[in-house]
Each structure stands twice: as structure tokens, then as C-alpha cells.
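1. quick one, fold the following:
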Amino acid sequence: MSASRPGLGTEFLRCVDDCLSLISRYPALFPEVHRKSRMALLRRFPYLVIYRPTPEFISVIAVMHGSRHPRRWKNRSET
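-> Take a look at the predicted model:
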């Protein structure tokens with residue numbers, strides 16, 4: 001993500017917040033990708049939100065660029 005445009009960081013955070021709101025309303029909406037972890041794509045930015053829903057809460061494992069190697073978040077989901 002380039003910081004060359006004023007307000008781009010705020011726009012990114014708004015997209016993350018919108019995605020997290022959608023996840024909180026519909027935790028099973030996005031596909032399961034690894035050991036009950038699910039993956040949502042951000043609108044407009046090439047980033048992923050990896051999360052694991054449970055009956056009590058939703059655990060966000062990672063918010064990461066889509067080009068990163070999956071091992072980066074899969075190791076986190078093991079715990």
C-alpha cells in the first residue's frame with residue numbers, strides 16, 4: 001500500500017472495520033481455509049482477514065497482504 005495519497009490509510013482502516021463488522025454479523029459467510037479458520041477479502045485493497053469463529057467470540061488471526069505466503073498465518077492458527 002502506498003502512502004502517496006492523503007487519506008489512504010484511513011480508507012484502508014475503514015475497509016478493515018467494514019470487513020470485521022461483516023464477519024461479526026455473519027461469521028460463517030466466508031470460506032473455511034485451514035483448521036476451522038476462515039478467510040475474508042478486503043474490498044478495494046489486496047488484503048485478507050483470517051479469523052476463527054467460536055460460539056463465544058471471533059479470533060482474528062491475521063490481517064495480511066494477499067501476496068504473503070500462507071505459512072505466515074497458518075502457523076498462528078495452530079495455537
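2. all contacts plus neighbour counts: C-alpha atoms, from now on.
-> OK.
3. Gly58 and Ser24, how far apart?
-> One correction, residue 58 is Ile, not Gly. According to CA to CA, to the nearest Å, Ile58 stands 7 Å off from Ser24.
4. need the overlap of contacts for these two.
-> When contacts are counted by CA atoms under 8 Å, 6 or more residues apart in numbering, Ile58 and Ser24 have no shared neighbour.
5. which stretches in this protein count as helices?
-> Ranges of helices within the chain are 8-25, 71-77, based on DSSP state H.
6. would you single out the least confident of those?
-> Here the helices of the chain differ in mean pLDDT, and the lowest is helix 71-77 at a mean of 62.
7. just give the nearest non-adjacent residue to the residue positioned nearest the centre of the chain, would you?
-> Here the mean C-alpha position of the chain is nearest to the C-alpha of Val49 (CA atoms, centre = their mean), at a distance of 0.7 Å. Nearest non-adjacent residue to Val49, counting by CA to CA, 6 or more residues apart in numbering: Val63, 4.5 Å away.
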